[in-house]
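# sequence plus the predicted model coming up.
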Amino acid sequence: MNKLKILLLGCEGQVGWELQRSLAPLGEVVAFDRNLDLTQPEALAEAVRTIAPHVIVNAAAHTAVDKAESEPDVARAINATAVGVLAEEAQRLGAWLVHYSTDYVFNGSGTQPWKEDDIPNPLNTYGQTKLEGERLLAERCQRHLIFRTSWVYAARGGNFAKTMLRLAGERELMQVINDQFGAPTGAELLADVTAHAIRSVLPNGCTDKEGDAKAGIYHLVASGETTWFDYANFVVSHKENKIVKELRPVPTTAFPTPAKRPHNSRLDTSKLQTTFGLTLPDWQVGVARMLKEIA
């Protein structure tokens, strides 16, 4: 194979920003953000044909969960239709397509971590459109990696931890949801695992046949689990000069939203760790590192 060419979409987002770093050692990275409109299928297809990448990494998405309820057509265009276009073009090129999905494809019932082959049943428009994107990709492109993740954060941009730190300096009482379970997962971890997975499926690391056998859906989150309430406690414990005196646990119903949220966002990562020979760190490791970075 000639020098690897990677097309990265959504390069200015939390995950996309870290991907610019993690993918750079693999080859030439051609990065797009809002300068490539994913709601325009023809322009998207033309861009892929012009660049002719060996790998497409799609970190772009409509992730405004509540807003998706009021603009489902836009969410579907970005989260599903555009993914289908990328899949068709990748298949024509014989390229790999890496895509990110979400625990929101499930209904969040029960207490067991979701496995890749569990039956999806989204609660909201965001989850529905992300599931549609998954299915279009799997149908149209043989060489694909879909990473489902949840509770993503990064030092760059806004996130739950930064909001909790700000509120801890403004309020004596903070109410935080305590009946949703998941694992805070750093964009840095997602990007590093993505680069590792890409290396492992390309001919340098194995034969084409061996690489193709690794195609499919994988769950990718940090190890362990927590609630938003316990996550907030962990974050606030690292803050100096805080005025908050009480963090009070409350149910999801205390904060009504247009889109329903799943209570169980736990994801089983056994398949990923076995296939790619990885050990995923506990969620506290990445969050503590992020807190030091933004201090």
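That came in fine, so what should we check first?
# list the buried residues in stretch 57-75.
Buried residues in stretch 57-75, defined by neighbour count with 16 or more other C-beta atoms under 10 Å: 57-63, 65, 67-69, 72, 74-75. Where you see a C-beta, it was placed from the backbone N, CA and C, and this is true even at glycine.
# so how far is residue 19 from residue 190?
To residue 19, residue 190 is 8 Å away according to C-beta to C-beta, to the nearest Å.
# looking at these two, which has the bigger crowd around it?
More crowded of residue 190 and residue 19, by other C-beta atoms under 10 Å: residue 19, with 29 against 24.
# distance check, the nearest residue to the more buried one once chain neighbours are set aside against residue 100.
The shortest distance from residue 19 to any non-neighbouring residue, by C-beta to C-beta, 6 or more residues apart in numbering, is to residue 191 (4.6 Å). Applying C-beta to C-beta, the value for residue 191 to residue 100 is 10 Å.
# ok so, going back, dump the buried residues of stretch 57-75 to TSV, plus distance to residue 250 and secondary structure.
Formatted as TSV, those follow (distance: C-beta to C-beta, whole Å; DSSP: H, G, I helix; E, B strand; the rest coil):
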residue	distance to residue 250	secondary structure
57	38	strand
58	36	strand
59	33	coil
60	34	coil
61	29	coil
62	28	coil
63	24	coil
65	19	helix
67	24	helix
68	24	helix
69	22	helix
72	29	helix
74	32	helix
75	28	helix
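# wouldn't residue 32 be in contact with residue 9 here?
Yes. With contact defined as C-beta atoms under 8 Å, residue 32 reaches residue 9; the gap is 5.4 Å.
# of those two, who's got more company?
residue 9 (25 against 19).
# does residue 204 sit in a helix, a strand or a coil?
Following DSSP: H, G, I helix; E, B strand; the rest coil, we place residue 204 in the coil state.
# mind listing the helices in this protein by residue range?
14-23, 41-51, 65-70, 72-76, 82-93, 125-140, 160-168, 187-201, 208-212, 228-236, 270-276, 283-294 (DSSP state H).
# for the second one, buried residues please.
Residues 41, 44, 45, 47, 48, 51 are the ones in helix 41-51 that count as buried (16+ other C-beta under 10 Å).
# from these, which is closest to residue 171?
When the buried residues of helix 41-51 are compared for distance to residue 171 (C-beta to C-beta), residue 44 wins out at 44.3 Å.
# got a list of what residue 30 touches?
Listed by C-beta atoms under 8 Å, 6 or more residues apart in numbering, the contact partners of residue 30 are 5, 6, 7, 8, 51, 53.
# any regions of the protein where pLDDT drops low?
The model of the chain has pLDDT under 70 over residues 1-2, 205-207.
# rerun that using 90 as the cut-off
Within the chain, the ranges that satisfy pLDDT under 90 run 1-3, 33-37, 156-159, 203-213, 238-242, 294-295.
# number of residues surrounding the nearest residue to residue 47 once chain neighbours are set aside?
In space, and not counting its chain neighbours, residue 47 is closest to residue 36: 5.8 Å by C-beta to C-beta, 6+ apart. Counted with other C-beta under 10 Å, the neighbours of residue 36 add up to 18.
# same question for residue 135.
15.
# circling back to that earlier point, dump the buried residues of helix 41-51 to a markdown table, plus distance to residue 279.
Shown next, in a markdown table, are the buried residues of helix 41-51 (distance: C-beta to C-beta, whole Å):
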| residue | distance to residue 279 |
| --- | --- |
| 41 | 40 |
| 44 | 36 |
| 45 | 39 |
| 47 | 37 |
| 48 | 34 |
| 51 | 35 |
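# what's the closest of those residues to residue 226?
residue 44 (37.5 Å).
# am I right that the closest one is in contact with residue 86?
Yes. In this structure residue 44 lies within contact range of residue 86 using C-beta under 8 Å: 7.0 Å.
# which one of the buried residues of stretch 57-75 is nearest residue 138?
If you rank these by distance to residue 138 using C-beta to C-beta, residue 58 comes first, at 13.8 Å.
# give me the beta-bridge partners of that closest one?
Note on residue 58: beta-bridge partners by DSSP bridges are residue 9, residue 99.
# returning to that earlier point: out of the buried residues of stretch 57-75, what pair is the most spread apart?
Using C-beta to C-beta, the two most remote members of the buried residues of stretch 57-75 are 57 and 69, lying 28.0 Å apart.
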